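Asker: No sequence on hand, only this structure:
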């Protein structure tokens, strides 16, 4: 490796999809600093959104620190700073031109990584870790893809996450304390609890109508976000029993205050089923080991359906055919916005099989290593190769 000095990392994040981009980047930066003892500087263009998931952030401060990470406000014109040993641009955001010129001027060039979007599509396997020379500058960028197999970079997962999850779900007093923190009782024996964190979706009304006439009680917990307007629109004024509490038939809905990442993880662990969105909550739902449903971010010309179907194919690869068929039906109706209520009963009749599969899936992903550690090893290899080449010159 380059030297015995502590390696420096610069991570660039543009906040596009509310909490998804910054959620991933914050978990990643914090893990690099705390578990790998790296000097991490996180550049973020939207500190107001960042503050929603990290109360320590001061949106008015251009430079601050939190959880051993240096936080810098990404503004233009970009300040004159020395580039880090490793430079990571997330989700296709381009590092500033001024910063790139500084990288190119360095005698020893930084390792430059494009931290890509998560996808189960087969082409990702062939593109992972490929170099891309800059068209004008003496720099090379490497593509690093998260993913679900050994050919790619794995998923973000803190070192102690699975141990913390097991301690949480195995200790009744811990679960009781968690529900009490949300001002909720313990679940009744026949009650189902579902977390709902999704984009705007006409399927919400259809699904709620089915839940309202279900034979057993169902409590839907909705963290503040883009779905709240659709949730409230389903109910009439006299169906609100308290601010942010709604009841119709066997369905109860509680709109929760915004949860920080740690509390959101625990919500996923505590619920029977989790409806999630985007990328960050999608990954956290998989680590929860519970049945889940992914509301993928809609793209132009329905490009997201290819990505959604690729994951379903992979996730259902060794699932019983009838269970896989019911999962596919519900996921597809949920993402199309039509028919989710009709597809739910068949999906949820498979809850035992879905839960067992989700737990095995999480264990299989653990075996791939975590994304932060895999990227650290990848960058160390490139830095070592660069040192070896320099010594031969």
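Answerer: That came through fine. Here the structure is a predicted model, which means the values were calculated and not measured.

Asker: all contacts plus neighbour counts: C-alpha atoms, from now on.
Answerer: Fine.

Asker: Do you know the pLDDT at residue 110?
Answerer: pLDDT for residue 110: 97.

Asker: how many neighbours does the residue lying closest to it once chain neighbours are set aside have?
Answerer: Leaving aside its sequence neighbours, residue 110 sits nearest to residue 85 (C-alpha to C-alpha, 6 or more residues apart in numbering; 4.7 Å). Residues near residue 85, counting by other C-alpha atoms under 10 Å, number 20.

Asker: residues contacting residue 85?
Answerer: With contact set as C-alpha atoms under 8 Å, 6 or more residues apart in numbering, residue 85 has these partners: 7-10, 109-111.

Asker: For PyMOL, what selects the buried ones among these?
Answerer: Buried subset of these, written as a PyMOL selection, criterion 16 or more other C-alpha atoms under 10 Å:
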select buried, resi 7+8+9+10+109+110+111
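
Asker: Let me have the contacts of residue 85 in TSV, adding secondary structure and distance to residue 368 as columns.
Answerer: Compiled in TSV, the contacts of residue 85 are given as follows (DSSP: H, G, I helix; E, B strand; the rest coil; distance: C-alpha to C-alpha, whole Å):
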residue	secondary structure	distance to residue 368
7	coil	25
8	strand	25
9	strand	23
10	strand	25
109	coil	30
110	coil	27
111	strand	23
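
Asker: Would you check how far apart the residue nearest to residue 110 and residue 101 are?
Answerer: Residue 85 sits 15 Å away from residue 101, going by C-alpha to C-alpha, to the nearest Å.

Asker: So what's the predicted local confidence for residue 370?
Answerer: Looking at residue 370, the pLDDT reads 98.

Asker: List the contacts of it.
Answerer: Counting by C-alpha under 8 Å, 6+ apart, residue 370 touches 153-158.

Asker: now do 7 Å
Answerer: Residues in contact with residue 370 (C-alpha atoms under 7 Å, 6 or more residues apart in numbering) are 154-157.

Asker: Narrow those residues to those in helices?
Answerer: For the contacts of residue 370, not one is inside helices, with DSSP state H as the criterion.

Asker: which among these end up buried?
Answerer: Neighbour-count burial within these applies to 154-157; the criterion is 16+ other C-alpha under 10 Å.

Asker: Distance check, residue 137 against residue 111.
Answerer: Between residue 137 and residue 111 the computed distance is 14 Å (C-alpha to C-alpha).

Asker: Burial check on residue 195, number of neighbours?
Answerer: Using other C-alpha under 10 Å, residue 195 has 23 other residues around it.

Asker: For the stretch 201-350 of the chain, which segments count as helices?
Answerer: With helices called from DSSP state H, counting those that start in this stretch, the stretch 201-350 of the chain shows them at 203-212, 228-234, 261-270, 280-288, 304-315, 321-336, 340-349.

Asker: where in the protein is pLDDT low?
Answerer: The model of the chain has pLDDT under 70 over residues 1-4, 17-18, 389-393.

Asker: pull the longest helix from it.
Answerer: Longest helix in the chain, counting by DSSP H: helix 371-392.

Asker: That one packs against which elements?
Answerer: Of the remaining helices and strands, none touches helix 371-392 by 3 or more C-alpha pairs under 7 Å, 6 or more residues apart in numbering; DSSP states H and E.
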